[in-house]
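*Asks:* pasting the structure only:
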Ligand SMILES: Cc1cc2nc3c(=O)[nH]c(=O)nc-3n(C[C@H](O)[C@H](O)[C@H](O)COP(=O)(O)OP(=O)(O)OC[C@H]3O[C@@H](n4cnc5c(N)ncnc54)[C@H](O)[C@@H]3O)c2cc1C
């Protein structure tokens, strides 16, 4: 029988079936589905629930991905946002604006884009390749310029991160999950190569399984078990504008290096794609400011595509942390240490997929298999090495 770890500072020792480390959209979604499946779940969040990446997210919801597993989770994630009331409860503030992907020249020339659209449709996306005339019908305010073909998704849009998190937290609590804020996990305990639980700054909790949903902080905890994760802390900087001009569908505009969406009835949110690659000095590194100069560059890029927004006024923006992997894909699934699971390294894509990934991870954990074979593509082994010298104890 496993020993219950000792406790400190007067808190009773506790036990759980599953400890979730990190209370962003990914961790709280896992808590919802695990608690609904009858597991005793504890979520530990070192700060405020959602307070790192999730509440600063652009929250764009679309299905356009290059790889099957990512696209599948994005399709399933969008479905959850659309049917949120029955699937989760509450209201995530989902707005269906439609989405446009404006490709680079290379993607069209090589045929990569039409192959991708076929794959997207195969996993259930409504993605459709259109010529510039059909694009004008779909998005009358958008100037196709030299883009001959684009991909549209009529069902996509964006959500409200605050409402989404509020709904998830309520669903997790209603299902019996214990949610603790302001209490970091400092160590994962391991006995005979198997996870035994966690130690926080205030207590020890014995658990059969632990899942790391703590973004770019995950490598620090995994290192204590001799696991090296390839996750790099970077930052994303979305700028916000007040605009009288209609924005139309959300978009990723490869030729102009910008992504954007409307922000309520008279707002615009925009980010420059190259800024996702700004490295931080560690996961707690200082986040760059979203200043007027950055806003000016972002707005100029959007206005090349949607001329009506050119007079928009910069109203600020809040950068947020990203957990980038070398292939830009998450680490989702079990690790070499029995009982230790990962759902991190979301590389700036984890809002739309968070709830679906939470459901997928819980299925995998309970059934020993992912709900679809594609999901194995995301298994952590590809970007995780186990140190020979530091075996788990
Ligand atoms: C500016 C910005 C724009 C974005 N735009 C989009 C978008 O349009 N669409 C999209 O799909 N995605 C987008 N993303 C990405 C998406 O928001 C993230 O991938 C997603 O929020 C990640 O959720 P998470 O729960 O993994 O991380 P987080 O929300 O960062 O949660 C991880 C939590 O772990 C906690 N933690 C860390 N260490 C510990 C510890 N030792 N113990 C306990 N807790 C710990 C942290 O405090 C944090 O709250 C964007 C991200 C940013 C920053």
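*Replies:* Okay, I see it. The model shown is predicted, which means the values in this text are computed figures rather than measured ones.
*Asks:* got the residues of the stretch 201-350 of the chain near the ligand?
*Replies:* Taking Cβ under 6 Å from any ligand atom as the measure of proximity, the stretch 201-350 of the chain contacts the ligand at 213-215, 217, 221, 236, 238, 320-322, 344, 346, 348-350. To be clear about C-beta, it is placed using only N, CA and C from the backbone, and glycine gets the same treatment.
*Asks:* do that again at 5 Å, thanks
*Replies:* 214-215, 217, 236, 238, 320, 346, 348-350 (Cβ under 5 Å from any ligand atom).
*Asks:* nearest to residue 39, of those?
*Replies:* Within those, proximity to residue 39 (Cβ to Cβ) peaks at residue 214, which comes in at 19.3 Å.
*Asks:* residues in contact with the nearest residue to that closest one once chain neighbours are set aside?
*Replies:* The spatial neighbour of residue 214 that comes closest, neighbours along the chain excluded (Cβ to Cβ, 6 or more residues apart in numbering), is residue 22 at 3.4 Å. Shown in contact with residue 22 (Cβ atoms under 8 Å, 6 or more residues apart in numbering): 43-46, 212-215, 217-218, 344.
*Asks:* same check on residue 35?
*Replies:* With Cβ under 8 Å, 6+ apart, residue 35 has these contacts: 41, 172, 175-177.
*Asks:* name every strand pairing with the least confident helix or strand in the chain by mean pLDDT and say which way it goes.
*Replies:* Least confident element among the helices and strands of the chain, by mean pLDDT, DSSP states H and E: strand 278-279 (a mean of 78). Note on strand 278-279: by DSSP bridges, its sheet partners are strand 232-236 (antiparallel).
*Asks:* tell me how far residue 170 lies from residue 127.
*Replies:* Remark: distance between residue 170 and residue 127 (Cβ to Cβ, to the nearest Å) = 32 Å.
*Asks:* residue 328 - how many residues pack around it?
*Replies:* Number of residues near residue 328 (other Cβ atoms under 10 Å) recorded here: 16.
*Asks:* which pLDDT value goes with it?
*Replies:* You'll see residue 328 listed with a pLDDT of 96.
*Asks:* for it, which non-adjacent residue is closest in space?
*Replies:* Computed as Cβ to Cβ, 6+ apart, the closest residue to residue 328 that is not its neighbour in sequence is residue 347, at 4.5 Å.
*Asks:* grab the nearest non-local neighbour of residue 76.
*Replies:* Using Cβ to Cβ, 6+ apart and skipping residues adjacent in sequence, the residue nearest residue 76 is residue 356, 3.8 Å away.
*Asks:* now that neighbour: which helix or strand?
*Replies:* Counting by DSSP states H and E, the element that carries residue 356 is helix 350-367.
*Asks:* state the mean pLDDT of that helix.
*Replies:* 98.
*Asks:* which parts of the helix or strand that it is followed by are buried?
*Replies:* Proceeding N to C from helix 350-367, the next assigned helix or strand is strand 384-386, under DSSP H and E. By neighbour count with 16 or more other Cβ atoms under 10 Å, strand 384-386 contains the buried residues 384, 386.
*Asks:* one step back: ok, the residue nearest to residue 214 to the ligand distance?
*Replies:* Per Cβ to the nearest ligand atom, to the nearest Å, residue 22 is found 3 Å from the ligand.
*Asks:* for this structure, which spans come out with low pLDDT?
*Replies:* 1-13, 275-277, 388-393 (pLDDT under 70).
*Asks:* so how many other residues sit close to the residue nearest to residue 359 when sequence neighbours are not counted?
*Replies:* Nearest residue to residue 359, sequence neighbours excluded (Cβ to Cβ, 6+ apart): residue 33, at 4.7 Å. Number of residues near residue 33 (other Cβ under 10 Å) recorded here: 26.
*Asks:* in three-state terms, label residue 33 for me.
*Replies:* Here residue 33 is recorded as helix under DSSP: H, G, I helix; E, B strand; the rest coil.
*Asks:* how about the contacts made by it?
*Replies:* By Cβ under 8 Å, 6+ apart, residue 33 lies in contact with 358-359, 362-363.
*Asks:* out of these, who's the most crowded?
*Replies:* Counting neighbours by other Cβ under 10 Å, residue 358 comes out on top of the contacts of residue 33 with 28 neighbours.
*Asks:* so that residue sits against residue 37, correct?
*Replies:* No: the pair residue 358 / residue 37 is not scored as a contact, 11.3 Å apart, by Cβ atoms under 8 Å.
*Asks:* now the residue nearest to residue 328: phi and psi?
*Replies:* The phi/psi pair for residue 347 (degrees, to the nearest 10) reads phi 50, psi 40.
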